[in-house]
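Participant: Sequence and predicted structure are below.
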Amino acid sequence: MSILTSILTGAKPGPRRMLVYGTAGIGKSTFATCAPSPIVIQTEDGLGEIDCHKFPVAQTFTDVMNALAALYQEDHRYRTVVIDSLDWLERVIHAEVCRNRQVPTIEVIFPPKSGHPN
């Protein structure tokens with residue numbers, strides 16, 4: 001059988017992915033919640049004045065993963081997942097890695113390189 005029989009044609013649109021970056025208070029979260037049928041996975045408490053559907057603020061990596069799992073596995077009306085914010089999610093991930101590795105800080109695992117800012 002020829003490999004030519006495996007050639008694919010046509011467009012296959014996938015989900016859009018977007019990262020919105022900017023200083024605090026310029027409207028990133030407001031912009032994100034204008035997407036179609038959004039649900040927000042909060043990693044910080046910053047949506048107080050935005051009327052939107054949101055999970056409680058995730059305190060742990062497990063909280064974030066449970067929210068994502070529910071959205072993946074269960075029926076719902078949401079079409080957009082917003083993670084607010086990624087820099088706070090990074091802290092949650094670092095805490096999980098430190099807990100799993102039983103170390104006090106992420107720098108124990110990934111020490112800063114000499115001559116580079118932390």
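Facilitator: Everything's here; your move. Numbering: from 1, shown residues only.

Participant: Who are the contact partners of Pro36?
Facilitator: Arg79, Thr80 (Cβ atoms under 8 Å, 6 or more residues apart in numbering). (Each C-beta comes from the backbone N, C-alpha and C, glycine too.)

Participant: Give me the pLDDT value at it.
Facilitator: At Pro36, the pLDDT value in this model is 95.

Participant: and it, that's in a helix?
Facilitator: No: per DSSP: H, G, I helix; E, B strand; the rest coil, Pro36 lies outside any helix segment and is coil.

Participant: residues in contact with Leu86?
Facilitator: Per Cβ under 8 Å, 6+ apart, neighbours of Leu86: Leu19, Thr43.

Participant: ok, it to Arg77 distance?
Facilitator: Relative to Arg77, Leu86 is positioned 25 Å away (Cβ to Cβ, to the nearest Å).

Participant: same question, Ala35
Facilitator: Distance, Ala35 to Arg77, using Cβ to Cβ: 13 Å.

Participant: Who has more neighbours out of those two?
Facilitator: Shown here are Ala35 and Arg77; by other Cβ atoms under 10 Å, Ala35 has more neighbours (15 against 7).

Participant: For the closest residue in space to that one that isn't next to it in sequence, list the residues it contacts.
Facilitator: Sequence neighbours aside, Thr80 is the residue nearest to Ala35 in space, at 3.9 Å (criterion: Cβ to Cβ, 6 or more residues apart in numbering). Listed by Cβ under 8 Å, 6+ apart, the contact set of Thr80 reads Ala32, Ala35, Pro36, Ser37, Pro38, Ile39.

Participant: Using the three-state scheme, assign the nearest residue to Leu68 once chain neighbours are set aside.
Facilitator: Among residues not flanking Leu68 along the chain, Ile41 sits closest, at 7.1 Å (Cβ to Cβ, 6+ apart). Using three-state DSSP, the secondary structure recorded for Ile41 is strand.
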